[in-house]
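Student: would you be able to build a 3D model of this:
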Amino acid sequence: MQQRRTLLVVTFVLLAAAVGVTLWVLSRRAAPPERPKAQEPKMKVVVAATDLPQGATIVSRDIQVAEVPVEKAPQDAVTDVSEAVGAILTQDVQEGTPFQRRFLQPPPEKLRGFSIPMGLRGVVLYQPFTEGAADILLAGDWVDVIATKKEEAFTVAEVIVRRAKVLAAEDYAPGMTREERLRQQALTKAEQATPSLPELQPGQQGQPQEQARPTPTMRRLVLAVTPQEGVRLVRAMEEGRALTVLRNRQDFLPIPVLRSPEARPVRRPEERHPTFRPVTTVSTVQPMQTIVVYRGTQREEIIVSR
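Tutor: So this is what the prediction gives:
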C-alpha cells in the first residue's frame, strides 16, 4: 500500500513537469522572437588630439581618428588623415573637436605646386616670349642665366647662374593673379570637354558675353638658386637683363667664368701740355766810367759807380 502511494506521487510529479515543459515550449514558439536593439550608425572622423591655436601647422601627433554618430558629425568633416597633416588652421580648435575642411588651409607648397629645396632660394623672372628660352621652358628643366648690360660703347654678357632648376614656368598676363590664371585654365579644360552648343537663331536671347580675358605677354619663371646666385641675379635685373638658356639635364660639367667681351677701360689720348724751358739770363758787363782829376801836375782817374 505504501509503495503504491509513493508511485502515484512520483507519477503525478513527472506528469506535472511534462505538462509544464510542454506549455513553455508552446509559449516560446507562439511568441515573436526578440529583435536586438538597432545600433546608432557611426563614422570615423579626424579629431584634434589637443588644443590647437589658429595658424598652427598640423602634424601627425596633433590628430587622432575617432568614431562619432553620423547625425553628430559635421557635413564637411575630415575623414582622411593625409588631408589634415600639413594643413594650416584658420581658427582655434579644441581637443576632441572634429576637423572640418573649412578649418583647414592647404600648405603653400600644395597651392603653389612646388617647394623650395633646402639651402636654396626661389627667384622669380618675368621674360617676354621672344627672350632667351622663356617660351620653351617647363617645370623641371635646368638652365643657365646670362646677364647683359651696357658698358661704354659695347654690351657685356656674363654667365651668373649655372645649372638652376626651373620650379615653375607659366604664362603671365599683366593684372592677372595666380588664382585667376588657375581658374582660367580650369574653365578652358571644361570648355574643351563640353560639346559646343548649337548656334542661336535670330531673335533668340543668349547668355551675356564674358569679358575679354587678358592675353599673356610674358613667362613667369621660378628658379632655385643659391643665395650668392640670387644676389647676382637680382643685380643683373636691376642693371640690365637676365636671359635663360636651356641646359641638358644630365650635364654636370663645370664651366669656367665666362664674360664676353672682356671689359677693358677705354684708353683716351693723352693731352700734351706745352713745356717751358727755363731761360738763363746773362748779366751784361757795363763799361766803367771814370773821371780824370788833376791835382797840380798829378793826374788821377777815379771810377764813378752808376
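Student: looks like Ser260 contacts Ala157 (just checking).
Tutor: Yes: in this structure, Ser260 sits in contact with Ala157. The criterion is C-beta atoms under 8 Å, and the distance is 5.4 Å. For every residue, glycine as well, the C-beta is placed using N, CA and C.
Student: what about these two, which has more around it?
Tutor: Neighbours around Ser260 and Ala157, counted as other C-beta atoms under 10 Å, are more numerous at Ala157. The numbers are 16 against 12.
Student: and that one, what pLDDT?
Tutor: Confidence at Ala157, expressed as pLDDT, is 90.
Student: how close does it get to Gly240?
Tutor: Remark: distance between Ala157 and Gly240 (C-beta to C-beta, to the nearest Å) = 9 Å.
Student: ditto for Pro74
Tutor: Spatial separation of Pro74 from Gly240 under the definition C-beta to C-beta is 56 Å.
Student: got it, and Glu300?
Tutor: As defined by C-beta to C-beta, Glu300 lies at a distance of 99 Å from Gly240.
Student: quick one, which of these two is more surrounded?
Tutor: Neighbour totals were compared for Glu300 and Gly240, and Gly240 leads with 17 against 10 (other C-beta under 10 Å).
Student: can you pull the contacts of the residue nearest to the more buried one when sequence neighbours are not counted?
Tutor: Nearest-residue entry for Gly240: Lys149, 3.2 Å, with adjacent residues in sequence omitted and distances by C-beta to C-beta, 6 or more residues apart in numbering. Contacts were defined as C-beta atoms under 8 Å, 6 or more residues apart in numbering; by that measure Lys149 touches Thr155, Val156, Ala236, Glu239, Gly240, Arg241.
Student: let's see 7 Å
Tutor: Residues touching Lys149, when contacts are defined by C-beta atoms under 7 Å, 6 or more residues apart in numbering, comprise Val156, Glu239, Gly240.
Student: list the beta-bridge partners for the residue nearest to the second one when sequence neighbours are not counted.
Tutor: If the residues on either side of it in the chain are set aside, Glu239 comes closest to Lys149, at 4.8 Å by C-beta to C-beta, 6+ apart. Each beta-bridge partner of Lys149 is listed here, defined by DSSP bridges: Val156.
Student: per-residue confidence at Lys149?
Tutor: Lys149 is assigned 89 on the pLDDT scale.
Student: quick one, helices of the protein?
Tutor: Residue ranges of the helices in the chain, as given by DSSP state H, are 2-30, 81-84, 108-112, 178-193, 227-239.
Student: so how far is the third one from its chain's centroid?
Tutor: So the one you mean is helix 108-112. 7 Å (C-alpha atoms, centre = their mean, to the nearest Å).
Student: do the second one as well
Tutor: In terms of C-alpha atoms, centre = their mean, the centre of helix 81-84 is found 22 Å from the chain centre.
Student: what about it, average pLDDT?
Tutor: On average, helix 81-84 scores 89.
Student: how about it: buried residues?
Tutor: Ala84 (16 or more other C-beta atoms under 10 Å).
Student: number the residues from 26 up from this point.
Tutor: Done: numbering now begins at 26, and the last item shifts to helix 106-109.
Student: hmm, who's touching that helix?
Tutor: With contact meaning C-beta under 7 Å, 6+ apart, helix 106-109 is reached by Val71, Ile83, Ile88, Val90, Val103, Phe124, Leu129.
Student: okay, and the common contacts of Ala182 and Gly265?
Tutor: Counting by C-beta under 7 Å, 6+ apart, the residues touching both Ala182 and Gly265 are Thr173.
Student: can I get the CA coordinates of stretch 150-167 in PDB?
Tutor: Presented in PDB, the C-alpha positions along stretch 150-167 are these (Å, rounded to 0.1, in the frame of the first residue of the first chain):
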ATOM      1  CA  LEU A 150      61.900  86.100 -63.500                       C
ATOM      2  CA  TYR A 151      59.500  87.700 -65.900                       C
ATOM      3  CA  GLN A 152      60.600  87.300 -69.500                       C
ATOM      4  CA  PRO A 153      58.900  88.000 -72.800                       C
ATOM      5  CA  PHE A 154      58.300  85.000 -75.000                       C
ATOM      6  CA  THR A 155      61.000  86.100 -77.500                       C
ATOM      7  CA  GLU A 156      63.800  86.400 -75.000                       C
ATOM      8  CA  GLY A 157      66.100  83.600 -74.100                       C
ATOM      9  CA  ALA A 158      64.400  80.200 -73.700                       C
ATOM     10  CA  ALA A 159      61.300  81.500 -72.000                       C
ATOM     11  CA  ASP A 160      58.800  80.200 -74.400                       C
ATOM     12  CA  ILE A 161      60.100  76.600 -74.300                       C
ATOM     13  CA  LEU A 162      60.900  76.200 -70.600                       C
ATOM     14  CA  LEU A 163      58.900  73.700 -68.500                       C
ATOM     15  CA  ALA A 164      58.900  72.900 -64.800                       C
ATOM     16  CA  GLY A 165      61.800  70.600 -64.000                       C
ATOM     17  CA  ASP A 166      64.200  71.900 -66.700                       C
ATOM     18  CA  TRP A 167      67.800  73.000 -65.900                       C
END
